[in-house]
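Chemist: curious how this folds, go ahead:
(2 chains)
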Amino acid sequence: MPAMNAADRDLNTTFGALADPTRRAILARLSRGEASVLELAEPFDMSQPAISKHLKVLERAGLIARGRDAQRRPCRLEPRRLKQAADWIGTYRQFWEQSYSRLDDYLHELQTKEKTRDVKKTRNHRRTR
Amino acid sequence: MTSRKLEIIAEPGKTSFTTRRTVDAPRALVFEAFTKCEHLKRWMGPCNVTMVSCSTDLRVGGRYRFVFRSPDGNEAGFSGEYKEIAAPERIVRTFVFEPIPEAAALETLELEESGGTTIIKTTTVHKSVENRDGHVGSGMEAGMTEGYARLDQLLAELATELQKR
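Modeler: Numbering: from 1, shown residues only, chains lettered A, B, ... in the order given. Take a look at the predicted model:
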């Protein structure tokens, strides 16, 4: 859609990262505050390395950032990229909602014209008879 | 009264998303409105955007291209090739937003008439970057479609949580 410029190529990575339910759950958890890998792994039936893999995807997508503390490396939400993704969806929806609304008016206009033409045709037909 | 809402549906695990919208016009007219430039120029695009160029070579293998200009003067082109045409009910075409050629998609437009109204259904399947043989894949962009559907929900959740803090 028009508002998606070349700089937003990364959005594909963002949407890819968001496509997974575990990663969405991780983001939802992080929205309540930062957490370590151990804390994040707890509610899931998943090994720590598996969670770490998900975290790497989220980090690459710019959706989370990780702290410097070598032991704990707490994760926190980076809302900026999430907002970009939401904006893109908003633009897509807006593009088509507005297009369809214009299409409604235009189709109405076309059909009114057609009806007028039909009436004229019928009249002319009667006259020639 | 028909539903005028634009529905956007993405089923989890599928590589496509679907939109549905009902309009009050017979199918043949809607088909024309989607394929002829004289019509497309009158409705396609948001209110603040102008379609400055349009071409539709409506035959299998023929190309189409639309260029839009925004109020700030930026122009953006969309183009693709018609793969299948069954007037007035179905068109399959490739779709490329020109600034991002690698994010090509395959679009199916289906028109279903019922009692003088037409349901316009579009299905967009994103091709994966890795899958260069033209098959529909499950690469990165495929994930986008599900993300697309779930994002509204996730953002609402996150906003609520962030407010609590």
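
Chemist: where does pLDDT dip in chain A?
Modeler: Along chain A, the model assigns pLDDT under 70 to residues A:1-12, A:85, A:88-89, A:125-129.

Chemist: how about 80 then?
Modeler: Filtered on pLDDT under 80, chain A yields the residue ranges A:1-16, A:18-21, A:68-72, A:81-93, A:118-129.

Chemist: ranges for the strands of it?
Modeler: With strands called from DSSP state E, chain A shows them at A:64-66, A:75-77.

Chemist: the longest strand in chain B is where?
Modeler: Assignment by DSSP E; longest strand in chain B turns out to be strand B:75-86.

Chemist: ok, then the element right after that strand?
Modeler: Proceeding C-terminally, strand B:75-86 gives way to strand B:90-97 as the next helix or strand, assigned by DSSP states H and E.

Chemist: report the buried residues of that following strand.
Modeler: B:91-97 (16 or more other Cβ atoms under 10 Å in any protein chain shown). Using the backbone N, CA and C atoms, a C-beta is placed for each residue, glycine as well.

Chemist: who does the very next helix or strand once past that strand pair up with?
Modeler: Proceeding N to C from strand B:90-97, the next assigned helix or strand is strand B:105-114, under DSSP H and E. Sheet partners assigned to strand B:105-114 using DSSP bridges are listed as strand B:90-97 (antiparallel), strand B:117-126 (antiparallel).

Chemist: mind naming the longest helix for chain A?
Modeler: helix A:79-128 (DSSP state H).

Chemist: helices or strands up against that helix?
Modeler: Contact here means 3 or more Cβ pairs under 8 Å, 6 or more residues apart in numbering or on different chains; DSSP states H and E; on that basis helix A:79-128 packs against helix A:11-18, strand B:16-23, helix B:27-35, helix B:37-43, helix B:140-164.

Chemist: give me the contact list for the shortest one.
Modeler: Spelled out, it's helix B:37-43. Taking contacts as Cβ atoms under 8 Å, 6 or more residues apart in numbering or on different chains, the residues outside helix B:37-43 that touch it are A:99, A:102-103, A:105-106, A:110, B:32-34, B:51, B:54-56, B:66.

Chemist: name only those of those that count as buried.
Modeler: For those, burial is judged from neighbour counts taken by 16+ other Cβ under 10 Å, and it is met by A:99, A:102-103, A:106, A:110, B:32-34, B:51, B:54, B:56, B:66.

Chemist: does residue A:60 really touch residue A:13, like I thought?
Modeler: Yes. With contact defined as Cβ atoms under 8 Å, residue A:60 and residue A:13 form a contacting pair (6.5 Å).

Chemist: more neighbours: those two, which one.
Modeler: The neighbour count for residue A:60 versus residue A:13, taken as other Cβ atoms under 10 Å in any protein chain shown, is higher for residue A:13 (19 against 14).

Chemist: tilt between the longest helix of chain A and helix B:27-35?
Modeler: Note on geometry: by axes from the mean of the first three to the mean of the last three Cα atoms, to 10 degrees, helix A:79-128 and helix B:27-35 are set 130 degrees apart in direction.

Chemist: show me which pair in the contacts of helix B:37-43 is furthest apart.
Modeler: Longest distance between any two of the contacts of helix B:37-43 is 24.2 Å, between A:105 and B:55; criterion Cβ to Cβ.

Chemist: local confidence estimate at the nearest residue to residue B:107 once chain neighbours are set aside?
Modeler: Using Cβ to Cβ, 6 or more residues apart in numbering or on different chains and skipping the chain neighbours, the partner closest in space to residue B:107 is residue B:95 (4.7 Å). We note a pLDDT of 89 for residue B:95 in this prediction.

Chemist: let me know whether residue A:62 touches residue A:78 as I believe.
Modeler: Yes. Residue A:62 is in contact with residue A:78 according to Cβ under 8 Å; the separation is 6.0 Å.

Chemist: list residues touching both of these two?
Modeler: What both residue A:62 and residue A:78 touch, as defined by Cβ under 8 Å, 6+ apart, is an empty set.
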